[in-house]
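Engineer: Below: sequence and its predicted model.
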Amino acid sequence: MSRQFVTTGVVLCTLALAAGLGRATAGETPSAYTDEKIQALVKDLGHDDFDKRQAAEKELLQAGMKALAALKAAQNSPDPQVKTTAGRLEARIRLANMGAVDYLDVLPANCIVAAQLKNLGASRENAKGSAIGKLLASPELAALRQRLDAALNEKPDVWKAIQLWAGRFNGQFAMGFWAMDFQDPTKMRLAAMGEITDPAPQAVLDDFLKQTEFLPAGGNVENYKGVDIMQSAPGAPALALVGKHFVLAPNGESLKPIVDGFLNPGGLGATPALIKLKPALGPKPEFMLVVDFEKYMQEITKMFAAAPGGQAQGDAMQKLMASAGVTIKAYAWSSACVGDSFEDRIVATMEGEPKGLMAAGMLPPDAPAPLNALGIVPANAVAASAGYLDGAAMRGGLTEYLSALKKMMDGMPRPPNAPALPDFDAILKAFEAKTGLAIPDLAGSLKGPCGFYVVLAPGVTTQPPDIGIYFTCTDPEKAKAFSSSISKAVNAYFTTSPVKEVPLANRTLYQLDLPALGVPMPEKISYTPCWAVEGQNLIIASSVQALRKELTYLENKTPGLLTQPDFVKALGTLSAEERKGQILYVDMRALMAAGATLGLPVLQGTLTDPDLKQALAALPPPSQLFKDIPPLLAASSQRAGRADTVIRSPAPPIITIFGVAMGAGYFVARRGPGMPGAVRPPAPPDEAPGKF
């Protein structure tokens, strides 16, 4: 097993062990059992001698499928002992010899939440072909891999155990729950299962039981349809081995429906909701998460209602959800490695007509695709997004949402001296009285494509990036009125006007003087928020230089990001329908290079291991190291009864988001400009007006 994937292997192996192990004797390769010998063994199932009965059971299990017909016939025996034992053995042999099974077909049809990993081994192999997988196996990282090997070899017993158990569990995994009651755990109904790829499942079980002492002396073993359900005591967590499949549940009653599912597959996989969702989750999903969202919210509401004063909270939460105008029926998420990227697809099925916040971002059928708006984004943007905004719908939805949220919060128990919850209506009315502006009019003027972009500062620097934001108004006059409203709103709260007018060619820029607002700015950070009007567009940027560049793209109709090769290539992986919705683009190569440029010197400064420090120092420049990393591209669209999102990323998006959040947190914690080891180039001279 390749060690660069050891982290994934360890995590999933641990999940497999947590998913539990169970007991049932797996069928061995049958010996040369004659029909006469099998009939004699079946007869011995009713023998007066206990040892004879036990020996007959063991041999019939070894005979396996060859004994199946005789055992089935024996279930009509007048001897109750023979009849009962034959039925149990038939089920055990059938389960031990069953073929491939999809765990979604095993989970009960009434599952509220279910997750499935199709095949751990296949996913690991596919991941090796991704850009990140190739980077981890590249010659450039050989020294780091050798150092990792050395660290693992410092504890050979631990590494050996990891390899052993990871090799035993290399197939399918799944979990699901179909009843939740946190106040009474005995009423919880959930289970997790994992496939043993070791050729001797029973030996794996025996080893696990020996090492964990899961079933102490005096433990309870209940046979259910040929499967031994093991518990240390009644009501305790339960384990079972169903053929080569380990199953864990919080109680025995949760395990029984899983055994039924193995005997009669269908379950969740045959439900109309999942059949409807599956085609939208890609041709070969490696991971799937399925949620019956309607049932889930019903369970959550019941939990609220069971708590003191919870009925009001439950009602308020229902109102909170109703503010969207739609009922989400089901939700599914799939993930797979496709080429050099990981592709995640998220699908939700809905009923009703979206309104409020839900409708605010919906793209009308006759509206231009937000993708066109990315033409005004600089080609060197490290991140950009384009969507659609209906300001009036957003204001109405936000008002209703905040009202329902406040009602829900008011119904929750709070400490006696806790400050009063904010009254959003009062805050808005106070703002309108102070500025003379009408919020409904302002919100109503925004309608059309909107978005933002981020451009990193050039070179190795801790300077903050340039940020640009743009909105579309209903007409040019509304855009001018909105611009004036920003100035009016800011000036209303200060005795001196912090909004400065900057003439530029054929228009006026409006610049916000942050020091005049009392906003402390570090010496090296030169943010001067400003905005301008261009036709129906309201353009906002973090500096005058950034705003000038964006206006140049507009004036010259230069397509900006739409000509960037990596962006064009990534866009080609989306279908024509997917490109019509909201778009998010992140240049992961530039982002990772920038992060490594700033982070590696810090890491080297904190390490005490000389070999590791030397390995890091020998790495090629970050721009070279990450040269083959593809961008992240996400597209989201809504249609009648459904919302779809597709995300293509060099790493699974959840991991990417977590990593970016951790990196940002670390950067903030180290207070950016003061980071040791960071190199700052001399500040570039201010650009002259009219030069770009």
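Structural biologist: In hand now; what should we look at? Numbering: from 1, shown residues only.
Engineer: By mean pLDDT, which helix or strand of the chain comes out lowest?
Structural biologist: Within the chain, judged by mean pLDDT, DSSP states H and E, the helix or strand with the poorest mean is helix 6-19; its value is a mean of 31.
Engineer: what's the helix or strand following that helix packed up against?
Structural biologist: Using DSSP states H and E, the helix or strand that follows helix 6-19 towards the C-terminus is helix 35-44. For helix 35-44, the packing partners by 3 or more Cβ pairs under 8 Å, 6 or more residues apart in numbering; DSSP states H and E come out as helix 50-63, helix 68-74, helix 80-96. The C-beta positions use only the backbone N, C-alpha and C, and glycine is treated the same way.
Engineer: how near is S649 to S623?
Structural biologist: Between S649 and S623 the distance, using Cβ to Cβ, to the nearest Å, works out to 20 Å.
Engineer: should've said A492
Structural biologist: 47 Å.
Engineer: do G99 as well
Structural biologist: G99 sits 51 Å away from S623, taking Cβ to Cβ as the criterion.
Engineer: cool, and L209?
Structural biologist: Using Cβ to Cβ, we find L209 at a distance of 53 Å from S623.
Engineer: So between those two, which is more surrounded?
Structural biologist: In terms of neighbours (other Cβ atoms under 10 Å), L209 is the more surrounded of L209 and S623; the figures are 18 against 14.
Engineer: Does that one touch L215 like I think?
Structural biologist: Yes: here L209 lies in contact with L215, judged by Cβ atoms under 8 Å, at a distance of 5.7 Å.
Engineer: who's in contact with A418?
Structural biologist: Residues in contact with A418, defined by Cβ atoms under 8 Å, 6 or more residues apart in numbering, are absent; none qualify.
Engineer: err, Y331, not the other one
Structural biologist: Here Y331 is in contact with V290, V291, F293, I346, V347, A348, T349 (Cβ under 8 Å, 6+ apart).
Engineer: Could you tell me which of those belong to strands?
Structural biologist: Among the contacts of Y331, the ones falling in strands (DSSP state E) are V290, V291, I346, V347, A348, T349.
Engineer: Can you check those and name whichever has the most neighbours?
Structural biologist: Taking other Cβ under 10 Å to define a neighbour, the member of these with the most is V290, carrying 28 neighbours.
Engineer: any idea how far that residue lies from D105?
Structural biologist: In this structure, V290 and D105 are 13 Å apart, going by Cβ to Cβ.
Engineer: And E351, by the same measure?
Structural biologist: Using Cβ to Cβ, which is the criterion applied here, E351 is 27 Å from D105.
Engineer: Tell me which of the two has more neighbours.
Structural biologist: Counting neighbours by other Cβ under 10 Å for E351 and for D105 shows that D105 has the greater number, 17 against 10.
Engineer: Counting by contacts, list what the helix or strand hosting the more buried one packs against.
Structural biologist: In this structure, D105 sits in helix 103-106 according to DSSP H and E. Using 3+ Cβ pairs under 8 Å, 6+ apart as the contact criterion, the secondary-structure elements in contact with helix 103-106 are strand 113-117, strand 173-179, helix 252-263.
Engineer: Check which helices and strands the first one is in contact with.
Structural biologist: In this case it means strand 113-117. Counting contacts by 3+ Cβ pairs under 8 Å, 6+ apart, strand 113-117 is packed against helix 103-106, strand 173-179, strand 287-291.
Engineer: Put together JSON lines for the ones you listed, with distance to V259 and mean pLDDT on each row.
Structural biologist: As requested, the helices and strands packed on strand 113-117 are exported to JSON lines (distance: least, Cβ to Cβ, whole Å; pLDDT from 0 to 100):
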{"stretch": "helix 103-106", "distance to V259": "9", "mean pLDDT": "95"}
{"stretch": "strand 173-179", "distance to V259": "14", "mean pLDDT": "94"}
{"stretch": "strand 287-291", "distance to V259": "21", "mean pLDDT": "93"}
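Engineer: will you turn the ones you listed into a markdown table that also has distance to D466?
Structural biologist: Putting the helices and strands packed on strand 113-117 into a markdown table (distance: least, Cβ to Cβ, whole Å) gives the following:
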| stretch | distance to D466 |
| --- | --- |
| helix 103-106 | 47 |
| strand 173-179 | 45 |
| strand 287-291 | 37 |
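Engineer: Of the ones you listed, flag the one that's most buried.
Structural biologist: With neighbours taken as mean count of other Cβ atoms under 10 Å, these reach their highest mean count in helix 103-106, at a mean of 26.
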